[in-house]
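Peer 1: Sequence first, predicted coordinates after that:
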Amino acid sequence: MEKARVDSWIWAVRITKTRSAATAACKAGHVRVNGERAKAAQPIGPGDEVRVRQNGFDRIVVVRGIILKRTSAPEAAKHFEDKTPPRPPREEAGFVPQRDRGAGRPSKRERRDLEKLRGY
């Protein structure tokens, strides 16, 4: 067993919660194998780099072993090497202004103030 489907593998190593979520991520283009967009049935093997986009950040893992069944987290961690860079602290992340719920559309003045704040 040298190859496995990419959607099955990312589910088995617990990158996604369900196999259908892994397939949906592949269809949406959120999964890349060695820099190329991956379809759900694309075979992967040891040494391949898999990037999965989750919550706006890429999770980068290198395949160390093939696993087809979902097992415990410590057992699954033996089959990949995590190369994901640490996320920036919240202080460095850009501030995203949010409107209060139910406030409706911004008025023309508020829209201009928002554009000035954003630098448009």
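Peer 2: Ah, there it is. Numbering: from 1, shown residues only.

Peer 1: Let me see the ranges of the strands in this protein.
Peer 2: 4-5, 31-33, 36-37, 43-44, 49-54, 57-63, 80-82 (DSSP state E).

Peer 1: For residue 103, find the nearest of the ones you listed.
Peer 2: strand 57-63 (29.4 Å; C-beta to C-beta). The way it works is simple: take the backbone N, C-alpha and C, and place the C-beta from them, glycine included.

Peer 1: which residues are contacting the closest one?
Peer 2: 9, 13, 15, 44-53, 79-85, 87 (C-beta atoms under 8 Å, 6 or more residues apart in numbering).

Peer 1: one more time with 7 Å, if that's ok
Peer 2: 15, 44-52, 80-84, 87 (C-beta atoms under 7 Å, 6 or more residues apart in numbering).

Peer 1: Generate a ChimeraX selection restricted to the buried subset of these.
Peer 2: To isolate the buried subset of the contacts of strand 57-63 in ChimeraX, counting by 16 or more other C-beta atoms under 10 Å, use the following:
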select :15,44,48,50,51,52,80
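
Peer 1: So which bits of stretch 24-35 are buried?
Peer 2: When neighbours are counted by 16+ other C-beta under 10 Å, the buried residues of stretch 24-35 are found to be 25, 26, 30, 31, 32, 33.
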